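Undergrad: Model the structure of this input:
(chains A and B)
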Protein chains: 2
Amino acid sequence: MNDEPRRHRTAAHEIERYGALFARRTRVMKSSAMRDLMALTAREDVISFSGGLPDTSTFAPGFMTELMGRVAASSAARALQYGPTEGLLAVREVIASVMEAEGMRVDPDGILPTSGGQQALDLVCKVLIDPGDVIIAEAPTYPGAVPTFCSYEADVIQIPMDRDGMRIDLLRDALAQLDRGGRRPKFIYTIPNFHNPAGITMSAGRRRELLEIAGERELLVLEDNPYGLLRYEGDPLAPLYSLDRDFVIYAGTFSKILSPGVRIGWLAAPPAVLKQLILGKGSADLCSSSISQYFIAEYFRSGPWLDYVRSLAELYRRRRDVMLDAMAEHFPREASWTHPQGGLFVWATLPDYIDTTDLLALAIDQQVAFVPGRAAYVDGRGGSSMRLNFSGVGEEDIREGMRRLGDVIREQVALYSTLTGRERHAPTGTESGATAPVADPARGQPDNVRPLKRKRAG
Amino acid sequence: MNDEPRRHRTAAHEIERYGALFARRTRVMKSSAMRDLMALTAREDVISFSGGLPDTSTFAPGFMTELMGRVAASSAARALQYGPTEGLLAVREVIASVMEAEGMRVDPDGILPTSGGQQALDLVCKVLIDPGDVIIAEAPTYPGAVPTFCSYEADVIQIPMDRDGMRIDLLRDALAQLDRGGRRPKFIYTIPNFHNPAGITMSAGRRRELLEIAGERELLVLEDNPYGLLRYEGDPLAPLYSLDRDFVIYAGTFSKILSPGVRIGWLAAPPAVLKQLILGKGSADLCSSSISQYFIAEYFRSGPWLDYVRSLAELYRRRRDVMLDAMAEHFPREASWTHPQGGLFVWATLPDYIDTTDLLALAIDQQVAFVPGRAAYVDGRGGSSMRLNFSGVGEEDIREGMRRLGDVIREQVALYSTLTGRERHAPTGTESGATAPVADPARGQPDNVRPLKRKRAG
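TA: Numbers count the residues shown, from 1 in each chain, chains lettered A, B, ... in the order given. Now for the predicted structure:
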């Protein structure tokens, strides 16, 4: 049985050999920036602001042992067994209580646990998207959603944001233009709270306007809310799902309030849609990890889970402040960035002659990493922006990492000044930049700065 | 924030309202027999032969506690965190050792851990299948693969088996017919060992023939091997993957040798294909459960894992024998069934005037369940067959369940005799039926038996 397996040709021919067999979607399937950069999180020498990582070191190992001991004692055989595709009732009840804490009442039978928030997005596409169908998203949008939408060959239209979130006037324009082509979006994807990557929260007024449009036009809205409970200032705003049950599909996750490693998120949707989502999940992975589900149920049974979330919020709030202070100190004044009221991310926009994808290579040389802004667009925009995560990095490392990153950026600014002959001191910015609207990074630039920026496919 | 959410219309309009929004694939997405019947496994009063369940009660709860304690002590923060899409190296090394135990040498970098074996099938489709593309599978095929293949709108062609597995002569016929239509299958899906549901093992000769065809025609073969290590008699045969690395994609899982609740399976594939599979997984769920992966790594570090597999094989062998004995005692002689050398399933075929989908309702009334054969076909065939699982049910329950099921079947046989005026005693069968080839259930039947059989969509 250990004979050498047959090898028909050399590996050099591999791509051509299988090329004809690949599905059409593989031509547009992208590597997630998440995925590529996840590898960096393992490198100890790099201070990485790239992952959307919560700080799981705050969860006491002894408590994990205790919970798992209880799971094993009461339910070992069931935790090791298949579970229903619909998820454990105990977990759906837990999810209902989490949603209640955010101002939504929902029946556990209206909820589908998924294999992380990522599968929630995938299943919504599976149920709604044929190739060429339109998804409307914010510009920028969640970098992890881009490869998912692309894998379903969707036509993604991104609507710019300002400090109040998605610009509804531009949304109306886009819908009118689609109307003229006889097209209708399958859903509108939004992250209303502490947007990933933009760090912006959609205002109450915009939420109402968005739902008015959804109601008038009978359009589905996919509300992705991983960070709602991680608010560091200001008052919570009503989730879209609390305002409209007919056109809103809600996606949540345990990743940011407990653990991403359990890989459990969820969807709440109108019953007719939920039914299809359950079928979609069954064919995708039968059910989510039973061990994870029993662990979650035991954890929520063990005490006041909101206390832990509050402790995370306090920790992340401090880290956000350290990051914003460090940016003000080390970033050049040509840069602007958002001031998130919660969540995990700051979105920074640099002078448009800097390409952050190129910058990343220089940054990694200096042992610091971020997500280049282009990952948050389907069309190659975002080239001068970057997403910076503050939740997964300690305060000292944030200061040191921002210092390194500031140096790398200021060096580029200085190089630009030299090349263009203009005198620049690349002074540091101030927090005045923090409230700047999210710029449209598709703006033009003078030809003479091209040498600094490699051309990339739009 | 707890205002009643807006409701635009009554629920009665729901299906129509969203109907136009659903993707085309939802029209052919089926409920998995697995999924529907999984619910029954929770009902304590039903003796269920329906799930593909290993007996997880054989895993000592104290050992689970011990392993999880070690995971928490050494790696709590990492087990609770995101992991790489490619999976933990430690888990890929474990997988390589499992594959080595089955006679395959593979580099851990050539392996992708997946969220159960089900996701392995889904990802292969995602990477290879456009709507209308051809997949060749056995007839019958894994009931859980049917909804996955359907969700990708594949055209599934099923090739009948005999006691040596897929009939290669009929495969050649099918390929010749496809040739005439200018079509080429994207892959050939096979479960060579202890087939689910048929309980048949593909002979060494057939394996060679299949690989010859794959090599000649440059066709990919998806070898699904969840049960290979659960052999109760006879000698192991070389896996397809051990004979050909260029055209075989290998799917394995921890579900049957450790736990389905961890939801970790895997794929090994040619590098160019693996690269696409990793992209596909990233967009589907980012990564598989880290807790599960650390648990697996710790388990395999803890000692001779093959001892546990051998103890399972011994347990399941006894249960198989009890089931076969009980079938000989209680099933009518008109029934035939397979005699599996390993795995989890017996496939029984009843007289063609019995529809096992209808029979299931009667069986559940008598508190016994199975998977109706139609679930193993894409085209409505298999209506007189059933899949019976013996691994997840204790010996006493197997005897009692088979007695109940035998009664239900014999009652139908007697009813048929009465309706058709023919005297029948519905005597019990013998094990002579055990070696009968898998019948083609598409054969005709007299019109006068229709009353026993509800018409169903082909």
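Undergrad: Pull the number of nearby residues for residue A:314.
TA: For residue A:314, the number of neighbouring residues by other CB atoms under 10 Å in any protein chain shown comes to 11. Every residue, glycine included, has its C-beta placed from N, CA and C.
Undergrad: where's it, which helix or strand?
TA: In this structure, residue A:314 is located in helix A:305-330 according to DSSP states H and E.
Undergrad: now residue A:281
TA: Under DSSP H and E, the secondary-structure element containing residue A:281 is helix A:271-285.
Undergrad: do residue A:214 as well
TA: Taking DSSP H and E as the criterion, residue A:214 maps to helix A:204-217.
Undergrad: Show me how far the next helix or strand after that helix is from its chain's centre.
TA: Stepping forward along the backbone from helix A:204-217, the first helix or strand reached (DSSP H and E) is strand A:220-224. Between the mean C-alpha location of strand A:220-224 and the chain-wide mean there is a distance of 14 Å, by CA atoms, centre = their mean, to the nearest Å.
Undergrad: for stretch A:105-125, same thing?
TA: Using CA atoms, centre = their mean, we find the averaged C-alpha position of stretch A:105-125 to lie 16 Å away from the chain's own average C-alpha position.
Undergrad: rewinding a little: contacts for the helix holding residue A:214 next, please.
TA: Outside of helix A:204-217, the residues that reach it under the criterion CB atoms under 8 Å, 6 or more residues apart in numbering or on different chains are A:164-166, A:168, A:171-172, A:175, A:184, A:188, A:190, A:192, A:202, A:219-221, A:237-238, A:240, A:243-244, A:246-248, B:6, B:8.
Undergrad: what about burial for the residues you listed, which qualify?
TA: Members of those that pass the buried threshold by neighbour count (16 or more other CB atoms under 10 Å in any protein chain shown) are listed as A:164-166, A:168, A:171, A:175, A:188, A:190, A:192, A:202, A:219-221, A:237-238, A:240, A:243-244, A:246-248.
Undergrad: among those, which are in strands?
TA: Using DSSP state E, the members of the buried ones among the contacts of helix A:204-217 that fall in strands are A:165-166, A:188, A:190, A:220-221, A:248.
Undergrad: Any chance of TSV for those, columns distance to chain B?
TA: What follows is those, written out as TSV (distance: CB to the nearest CB, whole Å):
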residue	distance to chain B
A:165	18
A:166	19
A:188	12
A:190	17
A:220	6
A:221	12
A:248	8
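Undergrad: Can you point out the buried residues in stretch A:222-236?
TA: Residues of stretch A:222-236 classed as buried under the neighbour-count rule (16+ other CB under 10 Å) are A:222-232.
Undergrad: can you put these in a markdown table and add distance to residue A:148 and pLDDT?
TA: Below are the buried residues of stretch A:222-236 laid out as a markdown table (distance: CB to CB, whole Å; pLDDT from 0 to 100):
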| residue | distance to residue A:148 | pLDDT |
| --- | --- | --- |
| A:222 | 11 | 98 |
| A:223 | 16 | 98 |
| A:224 | 11 | 98 |
| A:225 | 17 | 98 |
| A:226 | 15 | 98 |
| A:227 | 19 | 97 |
| A:228 | 21 | 98 |
| A:229 | 24 | 98 |
| A:230 | 23 | 98 |
| A:231 | 26 | 98 |
| A:232 | 29 | 98 |
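Undergrad: which two in these are spaced the farthest apart?
TA: The largest separation in the buried residues of stretch A:222-236, counting by CB to CB, is between A:222 and A:232 at 25.2 Å.
Undergrad: my guess is residue A:48 meets residue A:364, correct?
TA: No - with the criterion set as CB atoms under 8 Å, residue A:48 and residue A:364 do not qualify as a contacting pair; they are 9.3 Å apart.
Undergrad: In a strand, residue A:381, correct?
TA: No - with DSSP: H, G, I helix; E, B strand; the rest coil as the criterion, residue A:381 is coil rather than part of a strand.
Undergrad: ok, it to residue A:340 distance?
TA: Here residue A:381 is placed at a distance of 21 Å from residue A:340 (CB to CB, to the nearest Å).
Undergrad: Look at those two and report which has more neighbours.
TA: Shown here are residue A:381 and residue A:340; by other CB under 10 Å, residue A:340 has more neighbours (29 against 20).
Undergrad: and that one, what pLDDT?
TA: Each residue has a pLDDT score; the one for residue A:340 is 97.
Undergrad: Is it in a helix, a strand, or coil?
TA: Strictly by three-state DSSP, residue A:340 counts as coil.
Undergrad: Can you tell me, leaving aside adjacent residues, what's nearest to it?
TA: residue A:199 (3.4 Å; CB to CB, 6 or more residues apart in numbering or on different chains).
Undergrad: That neighbour is in contact with residue A:327, isn't it?
TA: No - at 12.0 Å, residue A:199 and residue A:327 do not qualify as touching, with contact defined as CB under 8 Å.
Undergrad: what do these two both touch?
TA: residue A:346.
Undergrad: And residue A:336, how close does it get to chain B?
TA: Computed with CB to the nearest CB, to the nearest Å, the distance linking residue A:336 and chain B is 29 Å.
Undergrad: I meant residue A:266, not that one.
TA: With distances taken as CB to the nearest CB, residue A:266 is found 13 Å from chain B.
Undergrad: which residues does that residue bridge with?
TA: In this structure, residue A:266 has the following beta-bridge partners (DSSP bridges): residue A:113, residue A:252.
Undergrad: Chain B contacts on the stretch 251-400 of chain A?
TA: Taking CB under 8 Å from any CB of the partner chain, the part of the stretch 251-400 of chain A that reaches chain B is made up of A:255, A:258-263, A:270-273, A:276, A:278-280, A:282-292, A:295.
Undergrad: Please indicate which of those residues are buried?
TA: Applying a neighbour-count criterion of 16+ other CB under 10 Å, the buried members of these are A:255, A:258-263, A:270, A:272-273, A:276, A:278-280, A:282-292, A:295.
Undergrad: Looking at the ones in strands among the buried ones among the contacts of helix A:204-217, which is nearest residue A:336?
TA: Relative to residue A:336, the closest of these is residue A:165; by CB to CB it sits at 17.4 Å.
Undergrad: If we ignore the residues flanking it in sequence, what's nearest the closest one?
TA: For residue A:165, ignoring the flanking residues on the chain, the nearest one in space by CB to CB, 6+ apart is residue A:202 at 3.0 Å.
Undergrad: Got phi/psi on that neighbour?
TA: With angles defined as degrees, to the nearest 10, residue A:202 sits at phi -70, psi 130.
Undergrad: ok, now which ones touch it?
TA: A:164-166, A:190, A:192-193, A:195, A:210, A:237.
Undergrad: try residue A:315
TA: Taking CB under 8 Å, 6+ apart as the criterion, residue A:315 is in contact with A:55, A:58, A:391.
Undergrad: so which of those comes closest to residue B:104?
TA: Out of the contacts of residue A:315, the member with the shortest distance to residue B:104 (by CB to CB) is residue A:55, at 40.1 Å.
Undergrad: wait, isn't the closest one in contact with residue A:392?
TA: Yes - judged on CB under 8 Å, residue A:55 makes contact with residue A:392 at a distance of 5.6 Å.
Undergrad: more neighbours, the two?
TA: For residue A:55 against residue A:392, the residue with the higher neighbour count under other CB under 10 Å is residue A:392, and the figures read 22 against 17.
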